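Enquirer: Here is my input, please return the structure:
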Amino acid sequence: MASTREFFEGLEGRVDESKIAGMSNSFLFDIEGAGKWKVDVRDGKVSVTEGGEDADAVITTSDDTFEKITSGEQNPTSAYMTGKLKVRGDMGAAMKLQKLF
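Expert: Numbers count the residues shown, from 1 in each chain. Reported below is the predicted structural model:
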C-alpha cells in the first residue's frame, strides 16, 4: 500500500486525463498525521503542491482512513457518512473527486 505522501507525489502521472477533461476545481487534502496537499484540476491537467490553505473543497481525514480509501479498503462515501472524512466547501466539486482515483 502506498503512503499518503507517495499517493500525492505520483498522482499527476496516474490521472486518466479523459475522465477529467472539462473539469476545473481545486481540492485541499488535509490529512491528519501526514500533511496537506493542494490538487488543482484544470481541463485534463492535474497539478499537486504540498501545503496550501484554500480550495473549492477541503477534505479532512486521518492518514489511516486516507490510505484505506486509496487502496480500496474503505469506501469514501461511507467514510463521509460515518464522520471519518469531512468535506468543507463545494460539495459538487467534492463529488467529482472519484474521477481522480
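
Enquirer: Tell me where the protein has strands.
Expert: Taking DSSP state E as the criterion, the chain carries its strands at 24-32, 35-42, 45-50, 57-62, 85-89.

Enquirer: and the longest one, what does it pack onto?
Expert: If you count contacts as 3 or more C-beta pairs under 8 Å, 6 or more residues apart in numbering; DSSP states H and E, strand 24-32 packs onto strand 35-42, strand 57-62, helix 63-71, helix 91-95. C-beta coordinates here come from the backbone N, C-alpha and C atoms, glycine included.

Enquirer: Please name whichever of the ones you listed is nearest to Val15.
Expert: Ranking these by proximity to Val15 (C-beta to C-beta) places strand 35-42 first, at 8.3 Å.

Enquirer: Which strands and helices lie in contact with that closest one?
Expert: Looks like strand 35-42 contacts helix 4-14, strand 24-32, strand 45-50 (3+ C-beta pairs under 8 Å, 6+ apart).

Enquirer: In contact with Val41, which residues?
Expert: 20, 23-27, 100 (C-beta atoms under 8 Å, 6 or more residues apart in numbering).

Enquirer: switch to 10 Å and redo it
Expert: Contacts here follow C-beta atoms under 10 Å, 6 or more residues apart in numbering; on that basis Val41 touches 15, 20, 22-27, 47, 56, 93, 96-97, 99-100.

Enquirer: picking that back up, pick the most deeply packed of the helices and strands packed on strand 24-32.
Expert: Per-stretch averages of neighbours, counted by mean count of other C-beta atoms under 10 Å, single out strand 57-62 among these, with a mean of 21.

Enquirer: Would you mind pulling the contact partners of that strand?
Expert: Residues from elsewhere that reach strand 57-62, judged by C-beta under 10 Å, 6+ apart: 4, 25-34, 36-39, 52, 66-69, 74, 76, 79-80, 83-97.
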